[in-house]
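1. Could you look at this predicted model? Sequence included:
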Amino acid sequence: MQVYHSLFDVQKALQEGTISCEKLVKDYLYRIEQQKVLNAYLEVFAEEALQKARKIDQKIAQKEPLGRLHGMIVGIKDVLCYQNHRISASSKILENFVSLYTATSVQRLIDEDVIIVGRLNCDEFAMGSTNENSAYGAVRNAYDNSKVPGGSSGGSAVAVQANLCLAALGTDTGGSVRQPASFCDVIGMKPTYGRISRHGLIAYASSFDQVGVFAKNMDDVALLLEIMAGKDDFDSTSSSKPVPAYSQTMAFDGKKEALKIAYFNNALTHKGLDAEIRTQTQALIEALQTEGHTVKGVDFPYLDHIVATYYILTTAEASSNLARYDGIHYGYRDDEAKNMEDTYKSTRTKGFGKEVQRRIMLGTFVLSAGYYDAYYAKAQKVRQMIKQATEELLQHYDFILLPTTPTTAFDIGDKAHQDPVSMYLEDIFTVQANLTGIPAISIPLFQHTNHLPFGLQIMGRSFGEANLMAFAKYLLKQHNCRQKATVV
Ligand code: GLN
């Protein structure tokens with residue numbers, strides 16, 4: 001069975017007749033079935049995917065015009081609506097809920113002949129960093145089934161990692177695309193806030209949420225972003241800035257164009273950072289310096305405050321967003337409840353998992369009359385300071401380099417991470433991009449001596465996705481440490 005890692009290879013094979021789209025989908029369905037243990041998919045749309053594949057085959061045979069994404073088999077995180085298909089946000093409270101409409105991001109892909117093969121497991125309402133907070137069971141890392149894949153878009157990362165789809169959609173509120181990408185050895189990209197419409201995305205924290213992409217090569221990431229990005233009348237926060245033809249602007253010659261790149265000294269010396277992640281990241285920095293780029297260490301003064309700021313603001317937004325799941329409007333209702341108040345209480349007690357309940361309570365607390373100024377209002381101010389400092393830095397530098405995660409993937413059920421605060425600290429390097437809205441990407445460059453992969457994170461200027469992706473593509477080609485290790 002041929003496994004394809006890029007849309008280019010798939011479309012070439014389809015045109016040459018090496019494979020039919022139907023066979024391609026059957027192969028994916030076969031692998032999904034074989035890898036059920038990973039628990040990446042909550043539901044597979046097998047029949048429908050096969051039907052769509054036959055239509056593509058017909059179009060090819062009759063030389064009819066094809067969408068730009070024909071042959072691309074995609075899985076979507078279970079927080080993105082797809083009309084007449086179930087969506088649960090991996091929560092019991094939305095069990096058996098059926099989408100009434102399709103998310104704009106998903107619709108734009110469908111309009112280009114993508115095939116959606118299923119919906120992917122994630123942490124409940126996208127809250128988590130391990131995918132253990134799903135009401136439908138943990139997802140397993142395909143590298144080592146005893147390890148977490150990261151979260152919250154763990155199912156999306158694993159599906160791409162294990163070739164259970166060619167690309168996947170996730171969402172990133174505080175790192176949920178980049179962190180699992182790092183743990184699973186795939187590319188994960190979060191564009192600028194507002195670059196992709198959030199219409200049809202189940203909200204966690206609306207001023208942070210963005211749709212993101214998982215894939216195995218930069219050309220696929222660029223094409224998917226180009227197709228999904230752009231103004232949408234259904235989302236007033238979507239940007240009307242014109243969308244560059246990302247897929248055409250991926251050429252970057254690192255040798256000729258010297259870049260200015262910053263990295264955070266206090267991130268690389270952070271006590272929570274794995275020693276080897278530090279040394280390998282430092283080695284890459286030196287390689288870039290040798291190549292003629294200006295790569296400078298700076299201190300980012302707010303590093304130790306970003307996680308607290310993120311959790312105050314996102315839990316506040318979550319407590320408001322999740323108020324709608326009350327047993328009356330949507331999904332699950334506890335039928336044993338005796339009156340209205342009891343219905344609200346017991347529906348939400350039984351319907352939401354522990355982590356979601358914790359965040360609703362925390363968010364309600366920071367918004368409550370007596371504590372609003374001390375927590376919520378203060379965190380808003382700190383967010384503004386973080387944003388200003390980051391933007392100022394990006395006026396002088398093209399990119400900021402950081403590790404994506406402080407550690408490699410850890411064990412499912414790991415005791416050290418059972419305390420929620422230690423889990424929240426896992427997000428230390430990823431939440432800055434969401435607090436400030438800038439685009440960021442994790443690329444699979446490294447392998448630890450514990451054999452697990454880890455990524456490099458690059459943050460770029462607002463709406464600077466084209467440069468960010470071109471640089472990422474260059475690094476993947478020229479500085480892939482594992483490639484070098486095997487070649488030498
Ligand atoms: N791990 C972070 C959290 O739990 C990020 C989640 C996300 O980006 N959706 O909030």
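-> Great, that's in hand. Residues are numbered from 1 along each chain as shown.
2. burial count for residue 389?
-> 15 (other CB atoms under 10 Å). Just so you know, the C-beta spots here come from the backbone N, C-alpha and C atoms, and that holds for glycine as well.
3. which residues does the closest residue to residue 426 other than its chain neighbours contact?
-> The shortest distance from residue 426 to any non-neighbouring residue, by CB to CB, 6 or more residues apart in numbering, is to residue 129 (4.7 Å). Counting by CB atoms under 8 Å, 6 or more residues apart in numbering, residue 129 makes contact with 123, 150, 151, 152, 175, 176, 179, 423, 424, 426, 427.
4. Please pick the buried ones from these.
-> Burial by neighbour count, judged by 16 or more other CB atoms under 10 Å, picks out 123, 150, 151, 152, 175, 176, 179, 423, 424, 426, 427 from the contacts of residue 129.
5. Contact residues of the stretch 351-488 of the chain facing the ligand?
-> Taking CB under 6 Å from any ligand atom as the criterion, the stretch 351-488 of the chain approaches the ligand at residues residue 427.
6. helix or strand for the residue in the stretch 351-488 of the chain that the ligand sits nearest to, which one?
-> For the stretch 351-488 of the chain, the residue closest to the ligand is residue 427, as judged by CB to the nearest ligand atom, at 4.8 Å. Following DSSP states H and E, one finds residue 427 outside all helices and strands.
7. Tell me who's in contact with it.
-> Residue 427 neighbours (CB under 8 Å, 6+ apart): 129, 174, 175, 179, 307, 310.
8. Could you restrict these to the ones contacting the ligand?
-> With CB under 6 Å from any ligand atom as the criterion, those include 129, 174, 175 near the ligand.
9. that older thread, out of the contacts of residue 129, which two are the most distant from each other?
-> 150 and 424 (14.1 Å; CB to CB).
10. Looking at the contacts of residue 129, which are in helices?
-> Filtering those for membership in helices, criterion DSSP state H, returns 179, 423, 424.
11. low pLDDT regions in this structure?
-> Low-confidence segments of the chain (pLDDT under 70): 255, 482-488.
12. Would you mind listing what in it touches the ligand?
-> Applying CB under 6 Å from any ligand atom, we find that the chain lies next to the ligand at 126-129, 152, 171-176, 204, 314, 427.
13. Nearest to residue 68, out of those residues: which one, please.
-> residue 171 (22.9 Å).
14. Parallel or antiparallel, list what pairs with the host helix or strand of that closest one.
-> Using DSSP H and E, residue 171 sits within strand 167-172. Strand pairing for strand 167-172, using DSSP bridges, gives strand 73-77 (parallel), strand 210-215 (antiparallel).
15. Dump those strands to a markdown table, plus mean neighbour count.
-> Output for the strands paired with strand 167-172, formatted as a markdown table (neighbours: other CB atoms under 10 Å):
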| stretch | mean neighbour count |
| --- | --- |
| strand 73-77 | 30 |
| strand 210-215 | 30 |
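16. Tell me which of these sits nearest to residue 19.
-> Across the strands paired with strand 167-172, closest to residue 19 is strand 73-77 (CB to CB), at 12.1 Å.
17. Report all helices and strands that the helix or strand just after the closest one contacts.
-> Downstream of strand 73-77, the first helix or strand assigned by DSSP H and E is helix 104-110. When contacts are defined as 3 or more CB pairs under 8 Å, 6 or more residues apart in numbering; DSSP states H and E, helix 104-110 packs onto strand 115-120, strand 167-172, helix 218-228.
18. Can I get helix 104-110 in PDB, CA atoms only?
-> Provided in PDB are the C-alpha atoms of helix 104-110 (Å, rounded to 0.1, in the frame of the first residue of the first chain):
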ATOM      1  CA  THR A 104     -16.600  28.500   7.000                       C
ATOM      2  CA  SER A 105     -13.100  27.000   7.200                       C
ATOM      3  CA  VAL A 106     -14.400  23.500   6.400                       C
ATOM      4  CA  GLN A 107     -16.800  24.800   3.700                       C
ATOM      5  CA  ARG A 108     -14.000  26.500   1.800                       C
ATOM      6  CA  LEU A 109     -12.000  23.200   1.800                       C
ATOM      7  CA  ILE A 110     -15.000  21.300   0.600                       C
END
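19. what does that helix contact?
-> Applying CB under 8 Å, 6+ apart, the contact partners of helix 104-110 are 69, 72, 74, 76, 80-82, 102, 116, 169, 196-197, 199-201, 211, 224, 227-228, 232, 234-235.
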